[in-house]
Structure formats: C-alpha cells, structure tokens
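Visitor: Here is the input, now give the coordinates:
(2 chains)
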Number of protein chains: 2
Amino acid sequence: MDERCSAAALQEFVERVMRACELPGDDARTVARLMVEADVTGADGHGVIRLSHYVGRIRGGAVNTHPNVAVRRTGPATALVDGDNGMGHVVVSAAADAAVELAAEAGFGWVGVRGSNHAGPGALYATMPLERGMIGVYGAVASANHMPPWGSSERLLGTNPLAVAIPAGLEPPVVLDMATTVVSYGTIKKFALRGEPLPPGWVVGLDGEPITDAEHAHDGVLLPSGGYKGSGLAIVIGLLAGVLNGAAFGRDVVDFTTDVSTETNTGHFIAALDIGRFTPIAEFTTEVDRHVRDMRAAQRLPGVDAIRLPGEQRFSRRADRATNGIPIPPALLRQLDEVARDVGVRPLDRPAPR
Amino acid sequence: MDERCSAAALQEFVERVMRACELPGDDARTVARLMVEADVTGADGHGVIRLSHYVGRIRGGAVNTHPNVAVRRTGPATALVDGDNGMGHVVVSAAADAAVELAAEAGFGWVGVRGSNHAGPGALYATMPLERGMIGVYGAVASANHMPPWGSSERLLGTNPLAVAIPAGLEPPVVLDMATTVVSYGTIKKFALRGEPLPPGWVVGLDGEPITDAEHAHDGVLLPSGGYKGSGLAIVIGLLAGVLNGAAFGRDVVDFTTDVSTETNTGHFIAALDIGRFTPIAEFTTEVDRHVRDMRAAQRLPGVDAIRLPGEQRFSRRADRATNGIPIPPALLRQLDEVARDVGVRPLDRPAPR
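Guide: Numbers count the residues shown, from 1 in each chain, chains lettered A, B, ... in the order given. Next up, the predicted model:
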C-alpha cells in the first residue's frame, strides 16, 4: 500500500529542493505550495511526480531561476505577462493575481502569458479568483505535442487543457479541469507505472490502430476528446493561450518531457469574472447550490452508483488528503529520495510508524 | 434533388413573414438576415427550418414582438442585457454589439444576456467581432433539455453550445461552433426527415441502451461529447450563460420545441477580445495562417481525404451558397409555403426554371 505523507512535510521538502536549485525563497515557497496542492486535490499526474523532471530542467539551464516576471497592463481589462522563462507556477500565479485585480476594477480581467513553463493542473489557477467572489477560467498550450489535428497522425497539438471554476454556497465549487484529449499524458504515465493496459480509444498508432500497451503509448498519438470537437477545442485554446501572446504553438512547441535545456516559451491565459456585476453573489451561490443538488439527486442510469458534479471528487479528495496525508507510491518515494541526494538536501520526512 | 433558393429571396421572404408577425421593420430584417446567414453557412438545423416554429411561438404569445432590449453597463468591461423576451436574434445581436464596444474601450468585453429566446447557431454571434480585429466567444443555455448530467437519465441539461471565432489572414477564420452533446438535436431532426438511422453513441434510452431510430430519439436522451467532459462543459456553460444572468437553467428550462406560449427566459453570454492589446493584428493573423497551413498539410491517417480546420467547411459552404443558392428540401419548401399562407404573405420566390 502507498505510504501517506503529510502535505506539510511534502511542501517543506519541495521547498528545500527548490531552494537548493537556487530559486529565491518566495518563489520556492510558491512552487512547493502549488505542486503539493495539485497532489492534495488529486491531480497526481501534475504534482510531486514532476519534481525530478523540473529539477533536471532547472539544472540543464532550460528554466530561469531568477526571472523578472513583468505584468504589463494593456487595457482596463487586459494584461500581458512575460514570465522571463521562470517556473510556470510562479509566472501563472502572478497572472492570476493580475486577472483578479483587473476584474475587481473592470468586472472582467483577461491576462495572457508568454515566456512561462509547465505550471501543473489548470484548476490551481482557475480556482484562485473564487475567494474574491469571482469565476476563474484558465487555458494553456501543453508542454509537449501528443495529439494530431483531427484526421492527421502528426503531433501538432498538445492536451491543451481548459479549466473553469465557479463558486457555490454550501456545496463544493463547480470546478471543471479537462484535457482536450480523451486522457492526459499524466494518466498514461500512471497506467505505465502500474503496468495496466490502456482502454482502446485513448491512443492510436500512426496506422490508426489502437495501442493498449501503456509502455508503447509514445509510438502513437493521443486521441482528442469527442473526436473533431476535442481537436477543435485544442486548436482554439492553443491560439488563445499561445499565438495571441507570442508564445509557442504547433510546430514551435518544445517537448519538455524529453528536453532539459531548451526554453519552451509556454503560453497560458487566465481570466476572472466578477459575479457581482451580474447578480448578487449570495443569490448566485444559492442558485448554484440548488442546481447542483437537482443534478446530484437526478434519476441514475442502471449501474451508476452516484452522479458527481465537476470538482466534487477534487473537493472530497482534498478533504481526505489534507487530513490524512497524500498517498505516495514506493517508486515515487524512491525518486524523491534520489532528488534529495542529487541536490543535497534532507529527504522527505516520513511519518512515524503507527 | 433539393431546389436551390437565392439567399436574397429567402431573406426577403423571412422578412415578410416576420413583418406579418408584427415585428418592427428593423427587427424583422435582423431576424431574416441572421436566419438566412445560418443556412448560407451550412447550419441548416438552425436556419429557415425553424421559421414555422418561431411563427407558432410568436402567435402563441410566447415571444414579445416589441421588446425593450435594455443594455445595462455594469463595469468598464461588463454589461448585462435584458432582452425583454424579444426574438433571440435581435437580443443577442445587441449583446454582441455591446461586447465589441466594451472590448474597443477596455480590451475585453463580457456581456451576459437574460430574457432572450432561441437565437440560432452560436457562430453567427461569435464571428461578429472578427471584422473589428477581435476574437469572439459565445455560449448559451439551449432552448430545451435533451441531455442528462453524466451518469443520469434525467434531462436536466441542453446541448449548451460553445462558439469561438478567431481571425486569420488569407486563410478562413478559425470558427469552432460545437454542441456539448455528441450531436445537436437539429442533426437528429435532419436524420429523421431523411429516414436515416442514427449511429449508436448519439442517443440512449432511459435504460442506457442505444436508440438508432431517429423517429424514437425523443424517447431517449442525447449523450454528451467526450462523456463526462461534455457533461461538465454543458454545466459550466449553463451556469455562465444562465444562472449568472438570472436566466433559466436546469429544471427551469422551458422546452421551446413543444411549447408555443411560455416565456423561456433564455440566457447567453458573448465576449469580445481585442487582439491588438496582446500582439499586432497583422502579426497575429500571419501566425494563424502559418499554423493553419501546417495543420492542413500534416500527415493524414489512412483513409482520410483532407484535414479540415474548424470553420473551413463553414467558409466553403458560404462561398458556394452565397453564389449558387441554398438547397431547400421539398418538405421544407412545403412548410415555408404553409407559413406564407398562414400569415398571409407572398410565398418564397422560386428561381426561374433553367
């Protein structure tokens, strides 16, 4: 069984590693907090599982540890952030803060980002406006191309994710965080790690035939969610998050999973919408609660145990893991110990045996 | 073979009908222009095929023919439109104009709409900002619930569409216009009209089994595109277009396809983004062209004749139909003649036999 580590211990460990990689204290804390928040909320494919690779890229000179993150306001409701090739978590946090400030003034704020890096799951950023009574929307050009445009076998698109977070009252917030592929590459990696076969319909070879062996997924391409619709979504998200901001898209995307020295010029967008400009916030959240409950209590299809709204599992996993710790598979624990040795910091504190 | 009618003749006919239904001249022209634009761009399920039903709802007292469409600005970047139960085309056009004006001032404009009605395909409105060098985004609560939340058999969601339009340079604009179901109900209607069977995976019965007879589609429910992801998208679009604006969502949605007397309080959102705030427009459109060409020229999967970008078919269909006329099936022609008789106007002008 996976060992459970406390979020606090994990966060302190990641912060130690980032400091050892020469990130300034504030930035090390931001990266650690957000990486562990990914694990706490169940986005395991985007949390500390990425630490070793992040360290490799910092040491390979691919990432700027002392970026000058420049937030340039370009209109009452718009800003463009140049991340100066800093860690994605640092850059996109700054962009989310800017979006919230714009929305507080203008009702809506849209912030484009270039010169960034892989920043973890979109829900981290889409949920940031929630506590200010705002709705958050996030999109990104993924950090590797795994998907062809519909009809093609050539990898010109990433899993380009979209995340939307909407506050509720007593219910968990509605948080949609979806890759535009059927599954993210992180999920494929989890299947490979466990040696489980992939369901057909996730990955096809260049001949169009299904690939079900997770170890051979890299010979094929990820399929878009909903066929041409997922491909279309990936394209428009890529144009909005990448091309609009002068960030990479299409043939210009660097495969950060195999490269430890090249700047990626990753692009994102983050938007915040001030609910109070449309309806009083208390009325809105009461209505969201009512609709969430209507849907959850609806008639179920045969064989379905529960109807889950977007964000509900994220919310319950958060409640569990914040209290009981984050399950870390043995292979990942060994990887984290190796990172500690490599950068010369104290390893992750293990819980005392019960 | 379907008869081809000129867009001009069709537009004049729809305008006659709308005037006979007591819409003011300007509004009759707006409705006619946009309904026929739907047909010209190939959105046949949302064009004049709806005329007879629109007339039925106007005569049944469900729609206000003389609305006071109120655009209330609520922030530098936001506005809320109360459509006063007017025809959707009239209301959402006004909202799109407002979004463009806001974006011209603030860089980004977000306009929520309530008190509206069925307004045709989202691409009509998402493309309106294009000529101003802007990107358009549109979403709506569909005018009937055909889809359950994922795992349920109860129709609490519509096909809630999302449309995004992005300008290119020499290439056609990138226009994504997608229902969050696998197919829209308009497509089901076209299959029923032609007596063709539905592919499995489009509609299931309340027992979860596929329904392939289009005539019996109403016994079942539409499935979301991409499974839980399409359901999640329909929910967040519905909250943004409906609940945020005080418009109907969930259990409150009136099935406008079977009802001719009840106000629907339909909700939409329309946003415009001023590209120049992020990158010079000429650079942007040149880059979009480059990426579009990269994707179109990419290696194809076996059996694929061409890679089509979102909006490409819309564009070529528009070129064909604007010149050669709109193909109208005989059953639809008879329906239009009946509408003409009902409201007492001259029928659609037929082309002279060649």
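Visitor: Let me know whether the helix or strand that contains A:E283 sits next to chain B.
Guide: A:E283 is part of helix A:281-296 when elements are defined by DSSP states H and E. Yes: with Cβ under 8 Å from any Cβ of the partner chain as the criterion, chain B is reached by helix A:281-296 at A:284, A:287-288, A:290-291, A:294-295. The C-beta positions use only the backbone N, C-alpha and C, and glycine is treated the same way.
Visitor: now swap in stretch A:77-97 and tell me
Guide: Yes: residues of stretch A:77-97 contacting chain B under Cβ under 8 Å from any Cβ: A:77-78, A:80.
Visitor: Equivalent analysis for stretch A:62-71, please.
Guide: No: Stretch A:62-71 is not in contact with chain B by Cβ under 8 Å from any Cβ; minimum separation 13.4 Å.
Visitor: buried residues in that stretch?
Guide: The neighbour-count check on stretch A:62-71 (16 or more other Cβ atoms under 10 Å in any protein chain shown) flags A:62-65, A:67, A:69, A:71 as buried.
Visitor: okay, the nearest residue to A:P67 once chain neighbours are set aside: pLDDT?
Guide: Excluding its sequence neighbours, the residue lying closest to A:P67 (Cβ to Cβ, 6 or more residues apart in numbering or on different chains) is A:G86, at 3.0 Å. Per-residue pLDDT puts A:G86 at 98.
Visitor: A:P353 now?
Guide: The model's pLDDT for A:P353 equals 55.
Visitor: How many neighbouring residues does A:N324 have?
Guide: A:N324: 11 surrounding residues under other Cβ atoms under 10 Å in any protein chain shown.
Visitor: Kindly report the same for A:G61.
Guide: 12.
Visitor: correct me, but it touches A:S261?
Guide: Yes: assessed by Cβ atoms under 8 Å, A:G61 is found in contact with A:S261 at 5.5 Å.
Visitor: average pLDDT across stretch A:245-256?
Guide: For stretch A:245-256, mean pLDDT is 97.
Visitor: show me the contacts for the residue of the stretch 101-250 of chain A found nearest chain B.
Guide: Nearest to chain B in the stretch 101-250 of chain A, going by Cβ to the nearest Cβ, is A:G107, at a distance of 2.7 Å. Applying Cβ atoms under 8 Å, 6 or more residues apart in numbering or on different chains, we find A:G107 in contact with A:77, A:273-274, A:277, B:74-78, B:110.
Visitor: quick one: contacts for the nearest residue to A:T159 once chain neighbours are set aside?
Guide: Nearest residue to A:T159, sequence neighbours excluded (Cβ to Cβ, 6+ apart): A:A179, at 4.0 Å. Contacts for A:A179 (Cβ under 8 Å, 6+ apart) come out as A:142, A:159-161, A:225.
Visitor: what's the neighbour count on A:R317?
Guide: Neighbour count of A:R317, defined by other Cβ under 10 Å: 17.
Visitor: Might you report the residue contacts of it?
Guide: A:R317 neighbours (Cβ under 8 Å, 6+ apart): A:40-42.
Visitor: Then A:P167?
Guide: Contacts of A:P167 (Cβ under 8 Å, 6+ apart): A:130, A:133-135, A:173, A:275, A:281, A:284-285, A:288.
Visitor: what's next to stretch A:46-56, contact-wise?
Guide: A:10, A:14, A:17, A:21, A:31, A:35-36, A:38-39, A:63, A:87, A:118, A:120-121, A:186, A:189, A:256-257, A:260, A:326, A:328, A:332, A:335-336, A:338-339, A:342-343.
Visitor: Extract the CA atoms of it and return them as CSV.
Guide: Extracted as CSV, the C-alpha positions of stretch A:46-56 are listed here (Å, rounded to 0.1, in the frame of the first residue of the first chain):
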residue,chain,number,x,y,z
HIS,A,46,0.8,17.0,-12.1
GLY,A,47,2.2,17.2,-8.5
VAL,A,48,5.4,16.0,-7.0
ILE,A,49,5.6,13.3,-9.6
ARG,A,50,7.1,16.1,-11.8
LEU,A,51,9.7,17.2,-9.2
SER,A,52,12.6,15.2,-10.6
HIS,A,53,11.9,16.4,-14.1
TYR,A,54,11.6,20.1,-13.0
VAL,A,55,15.0,19.8,-11.2
GLY,A,56,16.5,18.3,-14.3
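Visitor: so what's the residue lying closest to A:M295 once chain neighbours are set aside up against?
Guide: Sequence neighbours aside, B:P149 is the residue nearest to A:M295 in space, at 4.4 Å (criterion: Cβ to Cβ, 6+ apart). Taking Cβ under 8 Å, 6+ apart as the criterion, B:P149 is in contact with A:295, A:298, A:307, A:309, B:156-157, B:231, B:235.
Visitor: likewise A:G201?
Guide: With Cβ under 8 Å, 6+ apart, A:G201 has these contacts: A:182, A:210, A:223.
Visitor: same question, A:T159
Guide: By Cβ under 8 Å, 6+ apart, the contact list for A:T159 reads A:142, A:146-147, A:179-181, A:184-185, A:222, A:234.
Visitor: on that earlier part again, just the buried members of the contacts of stretch A:46-56?
Guide: Buried subset of those (neighbour count, 16+ other Cβ under 10 Å): A:10, A:14, A:17, A:21, A:31, A:35-36, A:38-39, A:63, A:87, A:118, A:120-121, A:186, A:189, A:256, A:260, A:326, A:328, A:332, A:335-336, A:339, A:343.
Visitor: Not counting sequence-adjacent ones, nearest residue to A:P302?
Guide: B:G208 (5.3 Å).
Visitor: close enough to count as contact, that neighbour and B:S153?
Guide: Yes: B:G208 is within contact range of B:S153, at 7.3 Å (criterion: Cβ under 8 Å).
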